[in-house]
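1. dropping the sequence and predicted coords here.
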Amino acid sequence: MNPNVWIDVPYIRFPCKGICTGGRPRPHHIHQAQAGGIKSVINLCAPSERNDFDEGELVRTLGMRYRTIPVAGPPDLNLKNAQALADALEEAQDGPIFVHCASGNRVGALFALKARFIDGLTIEQCLVAGRSAGLTSLESEVSFILAGL
């Protein structure tokens, strides 16, 4: 990630080169992301999590790629969504990426599952990857899923 790229979005993290994660952005955060060189935004919020602006429209209007992967909670922490995240990250390799949910917790959870299902890392490596991306209160649920594989 470019050290000059900064979004003052809540719970921001930089889990790996070219990716920042965090909580739900407001319109000014989207403008900051675009000004800082972010090329893609991946939103993990479920449709039921209403927003007072059309995030996808704003992102696309500013010339960035936009993708949603609805993760409402633990039932959506699965192989299908881990693969969707992997695919979205692969599609967005042309520049920095911002991945968010409301707090970053679901982002971290899905990063942990991607690390296991797609990247084949150990359980501990997956949890480290998840924590670096924002995993907090869903860690026990993620650990349970990882242990069941």
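-> Cool, got the structure.
2. ok, the most centrally placed residue in the chain - contacts?
-> Closest to where the C-alpha atoms of the chain average out (Cα atoms, centre = their mean) is residue 99, at 3.0 Å. Residue 99 sits next to 19, 20, 21, 41, 42, 44, 85, 107, 111, 133 when contact means Cβ atoms under 8 Å, 6 or more residues apart in numbering. C-beta coordinates here come from the backbone N, C-alpha and C atoms, glycine included.
3. out of these, who's nearest residue 11?
-> For the contacts of residue 99, the residue nearest residue 11 by Cβ to Cβ is residue 21; the value is 7.9 Å.
4. that closest one touches residue 134, doesn't it?
-> Yes. Between residue 21 and residue 134 there is a contact under Cβ atoms under 8 Å: 5.1 Å.
5. any regions of the protein where pLDDT drops low?
-> 1-5, 149 (pLDDT under 70).
6. tell me where it has helices.
-> 27-35, 55-61, 79-91, 105-117, 123-133, 139-147 (DSSP state H).
7. elements contacting the fourth one?
-> Spelled out, it's helix 105-117. strand 19-22, helix 79-91, strand 97-100, helix 123-133, helix 139-147 (3 or more Cβ pairs under 8 Å, 6 or more residues apart in numbering; DSSP states H and E).
8. okay, the longest one in PDB with CA atoms only?
-> Spelled out, it's helix 79-91. What follows is helix 79-91, C-alpha atoms only, in PDB (Å, rounded to 0.1, in the frame of the first residue of the first chain):
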ATOM      1  CA  LEU A  79     -16.300 -21.300   1.400                       C
ATOM      2  CA  LYS A  80     -18.600 -19.600  -1.200                       C
ATOM      3  CA  ASN A  81     -17.900 -16.200   0.300                       C
ATOM      4  CA  ALA A  82     -14.200 -16.900   0.900                       C
ATOM      5  CA  GLN A  83     -13.900 -17.800  -2.800                       C
ATOM      6  CA  ALA A  84     -15.900 -14.600  -3.700                       C
ATOM      7  CA  LEU A  85     -13.400 -12.600  -1.700                       C
ATOM      8  CA  ALA A  86     -10.400 -14.300  -3.400                       C
ATOM      9  CA  ASP A  87     -12.000 -13.700  -6.800                       C
ATOM     10  CA  ALA A  88     -12.700 -10.000  -6.000                       C
ATOM     11  CA  LEU A  89      -9.100  -9.500  -4.800                       C
ATOM     12  CA  GLU A  90      -7.800 -11.200  -7.900                       C
ATOM     13  CA  GLU A  91      -9.900  -9.000 -10.200                       C
END
